[in-house]
Each structure stands twice: as C-alpha cells, then as structure tokens.
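In: Quick one, structure for this:
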Amino acid sequence: MLLDTHVVLWWLDDSPELSGEVKDLFDTEPAVYISAVSPWEIAIKQSLGKLLGPEDLAERVRDSQFPGLPITGGHGVRAGRLQPHHRDAFDQLLVAQAQTEGLTLVTRARWIPRYDVPVMAVWGRPGGEVPPPEPYSADGLIADQPLPPDARPTDWIRTIEDGREELREPSCTRTAA
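Out: Okay, the predicted model is just below:
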C-alpha cells in the first residue's frame, strides 16, 4: 500500500476520517509505504504559504513508522506520460509509483480511479467504495461542486480560498515508531 499525502496526515493526526480498521491495518501491515513525494509536497506547500501546520510537519511525516519509497527516474518517466486527468504533479507521481511498484494507492481523491492503478478508497462511505470522479477545472482543482450528502466532516478539511490552501494544524497524537 502507498499512502497519499492527505491519508498520511490523517493517520498522523489520528483523524476520525480514517476508520479504526484502516488505522489498525496501517499499524500492523508490513507493506505500507510513504512516498518521498509526501514530505516534499508538504514542505513546498508550506514554503509557498499554501499549507498551514506545524513547521516540522514534513519531518513528522518523513519520520513516521512507515518505510519511505524513493522516487526513481522510472517513476518520473511514467508520471510524465500519464493522461492529464489531473494536473497535480505530486499526485501523478504517486500514481506512477503505485503503478510501477505494484502497490495499492490509499486515497480519497476521487479522480485516481481514472488511472489504471489499484485504489483503496478512504472516503468514509460504507464498504469503502470509490465515489464517481469529480469534474476538475483547468487548474486541476475540484470544480465548484457541493459535497456529496454522505460526506463526513474531517479535521483535515482542505480549503482553497484566494489561491491559498489551508489545513487545520494536526494534534499529532501519533508518534514516529
């Protein structure tokens, strides 16, 4: 399993967005990885002022209990050749890593199933089924759409307002192993 960045943040925060079963799986499954993409994405977004949180959030993710998955040239080539279903280069690199390494991508991003990659959805729906993909605007952000009626609130709500992405600072109740 390869954890998407927001999933890592939810795990670190012990967020209710992840079920107890999913948290237990992450805590016990030996083949759960964090991509080098995740701390990189966090550090870049924090430096640009697009992500709020503790100054050492990228280090907390890097130092979590999960082994890191380095980025290879092969991952870069594959990511660059993906269809442009989404313009987030970080997410495209995660998809390419999961495809190349034969891993299941654990995510709530509803556009990921458009790619040929195994997905474990953590959307908070019964049975964990993947909701239909959302339409995206030209800049890769979700087009103005209301949340599904069964969506649950989360401590890690991403808001984008005036070009600024914001997440609530985590309590970081989980610690590195």
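In: quick one: the strands in this protein?
Out: Assigned by DSSP state E, the strands in the chain fall at 2-3, 33-35, 68-69, 105-107, 119-121, 159-161, 164-166.
In: weakest of those strands in terms of mean pLDDT?
Out: Mean pLDDT is lowest for strand 159-161 among the strands of the chain, at a mean of 43.
In: count of neighbours near Ala58?
Out: A total of 21 residues lie near Ala58 under the criterion other Cβ atoms under 10 Å. Any C-beta I mention is one placed from the backbone N, CA and C, and that applies to glycine too.
In: looking at this protein, which helix or strand is least sure?
Out: Across the helices and strands of the chain, mean confidence by mean pLDDT, DSSP states H and E is lowest for strand 159-161: a mean of 43.
In: How about Ala43, nearest residue that isn't a chain neighbour?
Out: Ala58 (4.2 Å; Cβ to Cβ, 6 or more residues apart in numbering).
In: and what of His85?
Out: Arg114 is the one closest to His85 (Cβ to Cβ, 6+ apart), at 4.3 Å.
In: Would you check that that neighbour makes contact with Asp91?
Out: No. Between Arg114 and Asp91 there is no contact under Cβ atoms under 8 Å: 11.3 Å.
In: higher neighbour count, these two?
Out: The residue with more neighbours, out of Arg114 and Asp91, is Asp91; 24 against 13, by other Cβ under 10 Å.
In: residues in contact with the more buried one?
Out: Asp4, Ala109, Ile112 (Cβ atoms under 8 Å, 6 or more residues apart in numbering).
In: Out of the residues you listed, which comes closest to Ser15?
Out: Asp4 (13.4 Å; Cβ to Cβ).
In: Can you give me the distance of that closest one to Thr104?
Out: 11 Å (Cβ to Cβ, to the nearest Å).
In: So which of these two has more stuff around it?
Out: A direct count of neighbours by other Cβ under 10 Å for Asp4 and Thr104 places Asp4 higher, at 27 against 15.
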